[in-house]
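K.L.:
dropping a prediction and its sequence here:
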Amino acid sequence: MKLSAAFWRDKCVIITGASSGIGRALAEGLAACRARVGLVARREIHLQELAAAIASRGGRAALAAADVTVREQVFQAVGALEAELGPCDVLIANAGVYRKTPAREFDVQRAELVLTTNLLGVVYALGAVLPGMVQRQRGHLAAVASVGGMIGLPGAAAYCASKQGVVTLLQSLRADLWRTGIRVTAVCPGYVDTPMITDEERATLRGLVSADEAAWRIAWAIERGRAEYWFPWWTALEVRLARLLPPRLAARILSRYPEMEETGQG
């Protein structure tokens with residue numbers, strides 16, 4: 001899948017969760033298309049290494065360390081990046097975390113971390129760039145959700161709720177912004193080979209997508225102005241079919257699915 005260098009050239013693209021996985025792959029791919037990439041993540045040392053790698057290939061990148069769960073840090077990071085790279089043309093809110101939240105041992109603090117990172121982290125990033133986009137009457141808002149946002153999976157209540165929240169959030173923003181020049185894209189991947197995947201899952205999961213492929217698909221969806229993009233198609237189809245089942249039957253079937261494990265990363 002080939003990206004359009006003409007589309008990305010000289011655009012300021014701010015990416016949260018840029019230090020690893022999909023975010024890093026996006027930063028490297030879009031910098032190769034001559035975008036000016038703004039890198040946001042907690043781990044500054046990883047951002048420095050990434051920015052240096054991009055610069056060594058002739059690309060342009062700026063970094064700002066921030067925890068997406070802290071609104072003030074996100075706003076300060078975006079402000080610093082826009083001051084260096086120019087107004088944000090494309091935001092890709094990618095930062096996310098997975099923690100198990102099984103009902104029988106429900107941990108409110110773990111659920112709060114997931115919801116704050118995956119949903120409020122997107123809200124804060126959007127809030128930092130949207131006023132400027134509205135004033136300029138142009139821009140593109142994108143966020144990485146998940147096919148897990150389509151249905152509740154065992155052991156993943158908070159994660160699935162957070163991703164469904166992202167999809168619905170962007171649906172509402174799209175309705176509000178349709179008369180403007182601002183586009184909105186929700187991207188919902190299935191299983192992606194990132195640090196959030198365990199070695200056992202990496203060896204056994206069917207349809208596991210590489211971080212590079214996921215990044216290219218996300219960029220492709222943004223280029224084409226897709227409102228929502230679910231991939232891979234067979235995973236999305238399976239989940240859509242499961243949603244058609246009566247709720248009690250769906251719960252019975254889904255209860256047999258193995259819970260996703262966690263690596264503590266992401």
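P.N.:
Cool, got the structure.
K.L.:
scan this structure for its longest strand.
P.N.:
Ranked by residue count under DSSP state E, the longest strand found in the chain is strand 182-189.
K.L.:
who's in contact with Ala143?
P.N.:
Contact analysis of Ala143 by CB atoms under 8 Å, 6 or more residues apart in numbering lists 92-94, 122, 125-126, 166, 169-170, 185-187. Glycine gets a C-beta too; all of them are placed from N, C-alpha and C.
K.L.:
let's see 10 Å
P.N.:
Applying CB atoms under 10 Å, 6 or more residues apart in numbering, we find Ala143 in contact with 16, 91-96, 118-119, 121-123, 125-126, 163, 166-167, 169-170, 173, 184-188, 218.
K.L.:
with Asn118 instead?
P.N.:
68-69, 93, 95-98, 143-146, 149, 158-159, 161-163, 165-166.
K.L.:
same deal with Leu63?
P.N.:
With the criterion set at CB under 10 Å, 6+ apart, Leu63 makes contact with 18-19, 27, 37-41, 44, 46-52, 54, 77, 80-81, 84.
K.L.:
where does the prediction get shaky in the stretch 151-266 of the chain?
P.N.:
Within the stretch 151-266 of the chain, the ranges that satisfy pLDDT under 70 run 196-197, 199-206, 253-259, 261-266.
K.L.:
strands of that one, start to end?
P.N.:
For the stretch 151-266 of the chain, the strands defined by DSSP state E, counting those that start in this stretch occupy 182-189, 192-193, 209-210, 228-231.
K.L.:
strand partners (parallel or antiparallel) of the second one?
P.N.:
Using DSSP bridges, the neighbouring strands of strand 192-193 in the sheet come out as strand 209-210 (parallel).
K.L.:
hang on, isn't Gly59 packed against Val37?
P.N.:
Yes: counting by CB atoms under 10 Å, Gly59 touches Val37, with 7.2 Å between them.
K.L.:
out of those two, which sits in the busier spot?
P.N.:
Using other CB atoms under 10 Å, the more surrounded residue of Gly59 and Val37 is Val37, with 32 against 19.
K.L.:
mind listing the helices for the stretch 101-250 of the chain?
P.N.:
108-115, 121-136, 157-177, 199-204, 211-223, 233-243, 247-254 (DSSP state H, counting those that start in this stretch).
K.L.:
how about those helices, which one is nearest Phe7?
P.N.:
helix 211-223 (5.0 Å; CB to CB).
K.L.:
for Val37, give the beta-bridge partners.
P.N.:
Bridge pairing for Val37 - DSSP bridges - gives Val13, Ala61.
K.L.:
thought it was touching Ala53?
P.N.:
No: counting by CB under 10 Å, Val37 does not reach Ala53; the two are 11.5 Å apart.
K.L.:
any shared contact partners between these two?
P.N.:
With CB under 10 Å, 6+ apart as the test, Val37 and Ala53 both reach 27-28, 31, 59, 61.
K.L.:
from those, which land in helices?
P.N.:
Residues of the shared contacts of Val37 and Ala53 located in helices (DSSP state H): 27-28, 31.
K.L.:
no more questions from me, cheers.
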